[in-house]
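Trainee: Sequence and predicted structure below; questions after.
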Amino acid sequence: MAKLGSVIGSRRARAIVVVLALLGTLAAGPARAAAGDVTFDGVLRTSHGAVVPGADLHLRGPEDFDFTTDDSGAFSVAVVPGDYTLEANAPCCGTPAIPNFRMLGVPITITTDRHDDLTVPVVTVSFTVTGPTGAPFEGATVGLEGSAYGADNFPLYAGGSGRAGCTTDCVGVYGHEDLGGTTDASGTASFDLLASSLPNVNLIVQPPDGATALTAVHFSDQTLTHDTAYPVAFESSDVTAPEIHAVIDATPNAAGWVNRVMPQVSFDCTDAESGIARCPYPVGIFTEGPDQTVTGTAFDRAWNQASTTQTFNVDWTAPQFNAYAYGTHGDNGWYRSDVNVEFVCFDRVSGMASCPASTTLSSDGANQTVTGTALDVAGNSATASITASIDTHPPTITASVRPSPNAAGWINRPGSVHFTCTDAVSGVASCPADQQVSREGRNQVFTGSARDNAGNSVTTSVTVSLDAMTPRLSRSFTSTGYQSAAGWWNAPVTVSWDCLDDLSGVASCTGPTTLGAGYAQSVSGFARDFADNLAYAYVDRVNVDPTPAATSFTTPDGAVIADLPLVPTAKAITGLASDDLSGVGAVEVVLTKLTPGPGLPSQTYWATVSCSLPTQCTWSFPRPSGLSPARYAVTATAIDLADNRDPHPPTITVTFL
């Protein structure tokens with residue numbers, strides 16, 4: 001049973017209003033512009049001196065005017081002179097210093113500028129609640145229920161410290177949550193209430209969780225005119241504390257950590273005597289860290305209490321985990337060396353349980369992935385991957401000469417050097433264009449470089465020798481004889497070839513060719529240089545006749561030759577000459593004087609030759625004029641076109657008359 005010295009309060013179920021005293025002149029507040037020629041202004045305060053900002057004021061009369069107090073509680077409005085009814089409403093929804101109130105139908109006449117202060121009468125009422133053991137009830141809800149009226153019989157509505165909010169059309173307090181205040185550590189709740197009388201008022205005290213009231217005491221015909229304190233005590237035969245246990249909704253791991261996101265701790269409360277009045281609601285753990293403390297207090301219906309405190313290690317965030325690659329960077333995101341992959345792990349709450357060891361990628365290849373998993377002490381895991389493309393080898397490049405060089409390494413016409421590039425890993429980024437070979441020369445160097453997509457490069461060179469000129473080729477003749485004026489050689493002739501090349505050099509040259517007897521013979525000569533250039537020469541119509549001509553007389557030995565009229569003698573010496581190859585060219589006649597006397601001892605002449613065939617000829621030698629008569633030895637020698645002479649010329653004796 002509650003014991004109460006006296007109780008005063010104010011409460012009504014419907015519209016609750018307050019009578020405001022018009023107390024004199026106020027400082028001017030902000031005005032709402034309106035038509036008229038007089039001003040109504042003032043300040044709205046409580047009887048404790050607190051200004052009331054944000055209150056809604058209304059004048060109802062010849063014209064209606066609505067205005068609001070400013071932050072200092074002041075108001076000012078221009079109105080039309082006349083009789084009005086003043087209404088005022090407290091700002092929603094009250095404060096510990098300003099109760100909720102409403103003023104209705106206060107008559108007021110405004111004929112000239114009028115300055116009035118409006119005062120809300122307020123008193124402070126406090127209740128100190130203790131339990132059966134005399135200990136204060138902290139966190140209990142204390143309030144008043146009933147009707148309260150002001151001095152002029154206007155309903156009053158009292159708002160207490162700690163009172164819950166309501167809407168702008170708030171007309172009363174409904175339900176226990178609106179009963180006023182909550183007791184502090186000393187078990188006391190205080191209220192600033194409107195000064196009034198309190199017929200038919202109930203004092204309600206509830207446990208801290210808002211469950212069924214421990215007691216309800218009715219007070220009536222009380223007058224609330226000054227600040228008052230009232231003790232409220234409760235008695236019970238149950239002096240045994242209840243039992244309370246805390247249970248978390250996730251099982252800690254072996255290391256004592258919970259990794260559920262925002263786990264919830266619930267409480268199990270029991271009391272064998274008066275029963276449980278309050279068991280704590282479940283409590284969520286909203287922060288991570290070790291030694292998270294959760295405390296709950298249970299109350300039985302005798303207001304005995306028991307508390308429990310549990311400590312939890314909570315970490316629901318995965319560790320920070322990153323993978324990093326280290327190596328020699330190439331082009332296009334490739335590495336040109338082995339890649340060392342290192343993992344960096346960090347956990348700011350429970351700490352790391354395991355972090356992958358570093359590893360090395362040493363094989364060439366694209367998009368090689370390394371994945372690792374990190375685990376913190378609470379069992380949270382994180383996975384990190386890194387991808388690396390590695391190409392540590394340069395591309396291959398080969399140079400080929402077009403046309404292909406011969407076995408001696410030479411080409412004999414302008415060409416080009418072509419480069420072929422391959423790369424099996426990152427691919428070829430650049431390969432040289434063909435280079436032209438147009439200048440003659442030995443061991444010309446052509447160089448090209450290839451680069452792959454990883455930035456590896458390689459250079460190759462090829463040596464090219466170009467000789468596009470044919471060698472020079474000339475001929476010469478050698479013989480033990482000579483070539484006659486008729487173009488015949490009178491002894492075998494050797495045709496030799498002279499070969500010369502100023503660049504690649506002579507690789508082969510036709511050797512000497514010896515020609516024996518023959519008519520219109522030909523010889524070919526060839527010269528080839530090391531570049532396979534070929535020179536050709538041709539010698540034709542080479543005539544060789546090493547065989548002498550043959551000579552004979554048709555004039556008998558001892559003949560008399562005379563060119564005398566009527567003398568029956570031969571007039572000329574005659575004979576035959578032959579040569580089977582080149583033919584007879586001439587017949588030489590030598591006269592040797594055998595008879596002593598004047599004249600030359602020996603004279604040489606040329607016979608007249610007549611040939612039916614080049615090889616078969618006759619010849620004739622008449623008596624030379626001026627030749628002294630005498631006996632002569634005549635020698636005839638046939639000479640062929642190769643200047644071969646009959647080696648055994650015949651001789652006869654004739655007498656010239």
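Mentor: Cool, the structure landed.

Trainee: Please name the bridge partners of Thr514.
Mentor: For Thr514, the beta-bridge partners are Thr494 (DSSP bridges).

Trainee: Surely it and Trp489 touch.
Mentor: No: assessed by CB atoms under 8 Å, Thr514 is found out of contact with Trp489, at 10.9 Å. Any C-beta I mention is one placed from the backbone N, CA and C, and that applies to glycine too.

Trainee: who's more crowded, those two?
Mentor: Trp489 (26 against 13; other CB atoms under 10 Å).

Trainee: for the spatially closest residue to that one that is not a sequence neighbour, what are its contacts?
Mentor: Distances taken as CB to CB, 6 or more residues apart in numbering put Val544 closest to Trp489, at 4.4 Å, once the chain neighbours are dropped. Residues in contact with Val544 (CB atoms under 8 Å, 6 or more residues apart in numbering) are Trp488, Trp489, Asn490, Ala491, Pro492, Val493, Leu515, Gly516, Ala517, Gly518, Gln521, Ala642.

Trainee: repeat for Val590
Mentor: Ser602, Gln603, Thr604, Tyr605, Val634, Thr635, Thr637.

Trainee: how about the residues you listed in CSV, adding pLDDT, distance to Thr396 and secondary structure?
Mentor: Formatted as CSV, those follow (pLDDT from 0 to 100; distance: CB to CB, whole Å; DSSP: H, G, I helix; E, B strand; the rest coil):
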residue, pLDDT, distance to Thr396, secondary structure
Ser602, 88, 95, strand
Gln603, 91, 96, strand
Thr604, 93, 90, strand
Tyr605, 94, 92, strand
Val634, 96, 96, strand
Thr635, 97, 92, strand
Thr637, 97, 85, strand
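
Trainee: Of the residues you listed, which is the nearest to Gly372?
Mentor: Gly372 lies nearest to Thr637 out of the contacts of Val590, by CB to CB, at 121.0 Å.

Trainee: Find the helix or strand that the closest residue to the closest one other than its chain neighbours is a member of.
Mentor: Counting by CB to CB, 6+ apart, Pro649 is the residue found nearest to Thr637 once chain neighbours are left out, at 3.8 Å. For Pro649, there is no host helix or strand (DSSP states H and E).

Trainee: ok, Pro649 - how many residues close by?
Mentor: Pro649: 20 neighbours (other CB under 10 Å).

Trainee: so where's the protein shaky on pLDDT?
Mentor: Applying pLDDT under 70 to the chain flags residues 1-36, 92-101, 103-105, 131-133, 143-180, 191-225, 233-237, 566-568.

Trainee: Spatially central residue for it, please.
Mentor: Gly333 (6.5 Å; CA atoms, centre = their mean).

Trainee: now that one, nearest residue through space, not along the chain?
Mentor: Per CB to CB, 6+ apart, closest to Gly333 is Ser389, 6.3 Å.

Trainee: before we move on, the earlier item: just the buried members of the contacts of Val590?
Mentor: Val634, Thr635, Thr637 (16 or more other CB atoms under 10 Å).

Trainee: Make a markdown table out of the residues you listed and add distance to Ala535.
Mentor: Listed next are the buried ones among the contacts of Val590 as a markdown table, based on distance: CB to CB, whole Å:
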| residue | distance to Ala535 |
| --- | --- |
| Val634 | 56 |
| Thr635 | 52 |
| Thr637 | 45 |
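
Trainee: which among the residues you listed gets closest to Ser449?
Mentor: Nearest member of the buried ones among the contacts of Val590 to Ser449, counting by CB to CB, is Thr637, at 85.0 Å.

Trainee: Quickly note the distance from the closest one to Thr251.
Mentor: In this view, Thr637 and Thr251 are 147 Å apart by CB to CB, to the nearest Å.

Trainee: So what does the residue nearest to Thr637 have for phi and psi?
Mentor: phi -70, psi 140 (degrees, to the nearest 10).

Trainee: In this structure it contacts Ala549, no?
Mentor: No: counting by CB under 8 Å, Pro649 does not reach Ala549; the two are 9.8 Å apart.

Trainee: shared neighbours, the two?
Mentor: Ala638.

Trainee: Quick one: residues contacting Thr478.
Mentor: Per CB under 8 Å, 6+ apart, neighbours of Thr478: Val493, Thr494, Ser496.

Trainee: ok, which stretches of the stretch 501-650 of the chain are strands?
Mentor: 506-509, 513-515, 518-529, 534-544, 550-553, 560-561, 572-578, 584-593, 602-606, 608-613, 616-622, 630-640 (DSSP state E, counting those that start in this stretch).

Trainee: Taking strand 518-529 as reference, get the angle to the fourth one.
Mentor: Relative orientation of strand 534-544 and strand 518-529, computed by axes from the mean of the first three to the mean of the last three CA atoms, to 10 degrees: 160 degrees.
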